[in-house]
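**Student:** Okay, predicted coordinates and the sequence, questions at the end:
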Amino acid sequence: MRHQKKGKTLDRKAASRKALLRGLANNFIIYEKMKTTKAKAKAVRPLVEKLITLAKKNDLNSRRRLIKVLYHKKAVSKALEVLGPRYLERKGGYTRIIKIGRRDGDAAEMVQIEFV
C-alpha cells in the first residue's frame, strides 16, 4: 500500500519517471506551453514552479541547480533571463492548466499547460 507517498508514479519506474519529468519541464520552459495528458501536466507543474522560483534569484548557485535538472543550456538561460525577471513580483502560481478534451484512441484527458 502507498500510504503517505507523495506524487504520481505515472506507471513508470523511478528513473524513467524522473527523465520524463525533466524532459517535460525542459520543453515547457523552452516553448512556454505544451499539450499533454492531465496526469503528466499535474506531475510536472510543481517541478516547473520550483524551477521558476529558483530562477528568480539569478545567481551562480541557482544557475548550477537549474543545470542539474534541465537538459539544455537554452532552457537554463531562458529561465534565468526571461522567466525569472517576468515573475519577479509574483509569489507563485506561474502556470495554468486548461482542459482541451479527450484524445482519440485511448480517450486520455488532454490538457494544455502554459505560463500565466
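**Tutor:** Arrived safely, thanks for sending.

**Student:** For this structure, just list every one of the helices.
**Tutor:** 14-31, 38-55, 60-69, 73-78, 84-86 (DSSP state H).

**Student:** residues making contact with the last one?
**Tutor:** I take that to be helix 84-86. 52, 55-58 (Cβ atoms under 8 Å, 6 or more residues apart in numbering). C-betas here are computed from N, CA, C, even on glycine.

**Student:** try 7 Å
**Tutor:** Contacts to helix 84-86, defined as Cβ atoms under 7 Å, 6 or more residues apart in numbering, come from residues 52, 55-56, 58.

**Student:** Of these, which is the most crowded?
**Tutor:** residue 55 (26 neighbours; other Cβ atoms under 10 Å).

**Student:** Contact partners for that residue?
**Tutor:** Residues counted as contacts of residue 55 (Cβ under 7 Å, 6+ apart) are 62, 66, 79-80, 83-84.

**Student:** Which among the helices of the chain is found nearest to residue 103?
**Tutor:** helix 38-55 (10.4 Å; Cβ to Cβ).

**Student:** Go ahead and measure how far the closest one is from the middle of the chain.
**Tutor:** Offset of helix 38-55 from its chain centre (Cα atoms, centre = their mean, to the nearest Å): 3 Å.

**Student:** In that helix, which residues are buried?
**Tutor:** 38, 40-41, 43-45, 47-48, 51-55 (16 or more other Cβ atoms under 10 Å).

**Student:** picking that back up, I'd like the helices of the chain as CSV, with mean pLDDT and distance to residue 100 appended.
**Tutor:** Shown next, in CSV, are the helices of the chain (pLDDT from 0 to 100; distance: least, Cβ to Cβ, whole Å):
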stretch, mean pLDDT, distance to residue 100
helix 14-31, 96, 16
helix 38-55, 96, 10
helix 60-69, 96, 27
helix 73-78, 96, 24
helix 84-86, 95, 24
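
**Student:** Let me know which of the ones you listed is the nearest to residue 114.
**Tutor:** Here helix 14-31 is closest among these (Cβ to Cβ), at 8.6 Å.

**Student:** Render the CA-only coordinates of the closest one in CSV, please.
**Tutor:** Extracted as CSV, the C-alpha positions of helix 14-31 are listed here (Å, rounded to 0.1, in the frame of the first residue of the first chain):
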residue,chain,number,x,y,z
ALA,A,14,11.7,6.0,-10.8
ALA,A,15,14.5,6.6,-13.3
SER,A,16,12.3,6.8,-16.3
ARG,A,17,9.7,8.9,-14.4
LYS,A,18,12.5,11.3,-13.4
ALA,A,19,13.7,11.5,-17.0
LEU,A,20,10.1,12.1,-18.3
LEU,A,21,9.5,14.9,-15.9
ARG,A,22,12.9,16.5,-16.7
GLY,A,23,12.1,16.4,-20.4
LEU,A,24,8.6,17.8,-19.9
ALA,A,25,10.0,20.6,-17.8
ASN,A,26,12.7,21.4,-20.3
ASN,A,27,10.3,21.6,-23.2
PHE,A,28,7.8,23.6,-21.2
ILE,A,29,10.4,26.2,-20.3
ILE,A,30,11.6,26.5,-23.9
TYR,A,31,8.2,26.6,-25.6
